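> got a sequence here, can you model it:
(one chain, ligands or ions: 2)
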Amino acid sequence: MAGLLATESAVISIPAMAARALRLELDLTPKPGLVDRANNGSHQDMDHALFLRSIAAITPWFSVFELAGREHAHKEASVQLRLLRPAGIACEQAMFAATGGVNTHKGGVFSLGLLCFAAGRLQGQCQPLHAETLCRQVSEICRGLVARELAARPQAVTAGEKQFLEYGLTGARGEAEQGFATVRRAVLPYWHQEQGERRLQHALLRLMAANPDSNLVSRGGIAGLRYVQDYAATLLAGGWDNDALSEMDRALMARRLSPGGSADLLAVAYVLAQLP
Ligand SMILES: CC(C)(COP(=O)(O)OP(=O)(O)OC[C@H]1O[C@@H](n2cnc3c(N)ncnc32)[C@H](O[C@H]2O[C@H](COP(=O)(O)OP(=O)(O)OP(=O)(O)O)[C@@H](O)[C@H]2O)[C@@H]1O)[C@@H](O)C(=O)NCCC(=O)NCCS
Ligand SMILES: Nc1ncnc2[nH]cnc12
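Ligands and ions are numbered 1, 2, ... in the order given. Next comes the predicted model:
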């Protein structure tokens, strides 16, 4: 049963979970600063329909990543990212073609793509598919990525590269190289404290409180990042409901702040939380 994992009553695949994670994240409402069913958050160039098109364009690639992981499973970890990247870039291009050039899911493609690829690699090596083994694989596949692509680069082009040079933030690359440590430490131990949509909102708040999200820094500098982290921590400490989240949504929209990196990590958290 290659590529499949039995969970509770259903048998589902990691690529299918990744696609489901993107849809659940998108539909979660209210969701401060982000595109949801109610509004476009702090975004002028994105809406719910655009995200649906993006998800439709990305979804077929998750199985491609998993298959590639299986095919290359017996090669060293250090060559894996080089083998995955052409498909990752092709998937990004499919996303940009579907959205007319808007970056809806660049971080999501990167993080979920790595999870699918690592799952295929584990299957190819006949290793058990657990959250821990999957994250360890991602970390090994990405070993040295921050040093190679951020630290060794004197000139910055992307937002992620600029923020490394200016503030030492390692963004999506750092999260992956650390085996999604922010998700494992800040979210997974608390996953079963809440149910349904509230579980995902709780996870998002925990991510916003902990994640050094490069999107917040590119929109609002370090002060913008601190504002969102403190706001989320205050809600977690004092209690929150949908009204409080809607108020936070308005506060972030007024400041043009969007925690897009945390939205991506929420999808990662959902996939990992389905695994033993
Ligand atoms: C390695 C890449 C991810 C390189 O990307 P880049 O150098 O741009 O690096 P980052 O900025 O670090 O990351 C890119 C996206 O990752 C998300 N992100 C940010 N911080 C974190 C974090 N701490 N943890 C996890 N993820 C994070 C974030 O994505 C979200 O932001 C999108 C919107 O961003 P932006 O374009 O800036 O849009 P706006 O803010 O709206 O801009 P303006 O309107 O203000 O102009 C949002 O939709 C989320 O997705 C970062 O954008 C990678 O690109 C790469 O190597 N690609 C090649 C493909 C590949 O190898 N894939 C391998 C696996 S398949
Ligand atoms: N729902 C969302 N809104 C804005 N940016 C995002 N990046 C990933 N999901 C997002």
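> residue numbers of the stretch 51-200 of the chain in contact with ligand 2?
By the criterion of CB under 6 Å from any ligand atom, the positions of the stretch 51-200 of the chain lying close to ligand 2 are His105, Gly108. For the C-beta atoms, the positions are set from N, CA and C on the backbone; glycine is no exception.
> what about the strands in the stretch 51-200 of the chain?
For the stretch 51-200 of the chain, no strands are identified by DSSP state E, counting those that start in this stretch.
> so where do the helices sit in the stretch 151-276 of the chain?
Along the stretch 151-276 of the chain, the segments classed as helices by DSSP state H, counting those that start in this stretch run 159-167, 171-177, 181-186, 196-210, 214-238, 242-254, 260-273.
> which bits of this protein sit near ligand 1?
43, 65, 84-85, 88-89, 92, 103-110, 113-114, 158-161, 171-173, 175, 211-215, 218-219, 258, 260-261, 264-265.
> hmm, which of these are the buried ones?
In the residues of the chain next to ligand 1, burial by neighbour count holds for 43, 65, 84, 88, 92, 103-110, 113-114, 159-161, 171-173, 175, 211-215, 218-219, 258, 260-261, 264-265, counting by 16 or more other CB atoms under 10 Å.
> any idea how far ligand 2 is from the closest residue to Asp249 other than its chain neighbours?
Nearest residue to Asp249, sequence neighbours excluded (CB to CB, 6 or more residues apart in numbering): Pro32, at 4.5 Å. Spatial separation of Pro32 from ligand 2 under the definition CB to the nearest ligand atom, to the nearest Å is 10 Å.
> ok, Pro32 to Gly238 distance?
As judged by CB to CB, to the nearest Å, Pro32 and Gly238 stand 16 Å apart.
> and the two? Which one has more around it.
Legend: neighbour count by other CB atoms under 10 Å for Pro32 and Gly238, higher for Pro32 (29 against 8).
> from what I see, that one and Leu252 are in contact.
Yes - with contact defined as CB atoms under 8 Å, Pro32 reaches Leu252; the gap is 4.9 Å.
> overlap in contacts, these two.
Common neighbours of Pro32 and Leu252, using CB atoms under 8 Å, 6 or more residues apart in numbering, are Gly41, Val228, Pro259.
> mind showing which ranges of this structure have poor pLDDT?
Applying pLDDT under 70 to the chain flags the ranges 1-12, 154.
> the residue nearest in space to the middle of it and ligand 2, how far apart?
Residue closest to the average C-alpha location in the chain (CA atoms, centre = their mean): Asp264, at 2.6 Å. To ligand 2, Asp264 is 5 Å away according to CB to the nearest ligand atom.
> do Gly101 as well
Taking CB to the nearest ligand atom, one finds Gly101 at 15 Å from ligand 2.
> that residue: neighbour count?
Gly101: 9 neighbours (other CB under 10 Å).
> next one: Asp249
22.
> do the same with Val79
Per other CB under 10 Å, the neighbour tally for Val79 reads 11.
> just checking, the residue nearest to the centre of the chain touches Asn103?
No - look at Asp264 against Asn103 with CB under 8 Å: they stay out of range, at 11.2 Å.
> what's near enough to touch the nearest residue in space to the residue nearest to the centre of the chain that is not next to it in sequence?
Spatially, and ignoring its direct neighbours in sequence, Asp264 is nearest to Gly107 (3.9 Å; CB to CB, 6+ apart). Residues near Gly107 by CB under 8 Å, 6+ apart: Ala172, Gly260, Gly261, Asp264.
> hang on, the third one packs against Met208?
No - taking contacts as CB under 8 Å, Gly261 lies outside contact range of Met208: 9.5 Å.
> SS state for the closest residue to Leu252 other than its chain neighbours?
Distance criterion CB to CB, 6+ apart; nearest residue to Leu252, sequence neighbours excluded, is Gly33 at 3.4 Å. With DSSP: H, G, I helix; E, B strand; the rest coil as the basis, Gly33 sits in coil.
> so who does Gly33 touch?
Gly41, Ser42, Val228, Met248, Asp249, Leu252, Met253, Leu257, Ser258, Pro259.
> so what's the first one up against?
Contacts here follow CB under 8 Å, 6+ apart; on that basis Gly41 touches Lys31, Pro32, Gly33, Leu34, Val35, Asp249, Leu252, Met253, Ser258.
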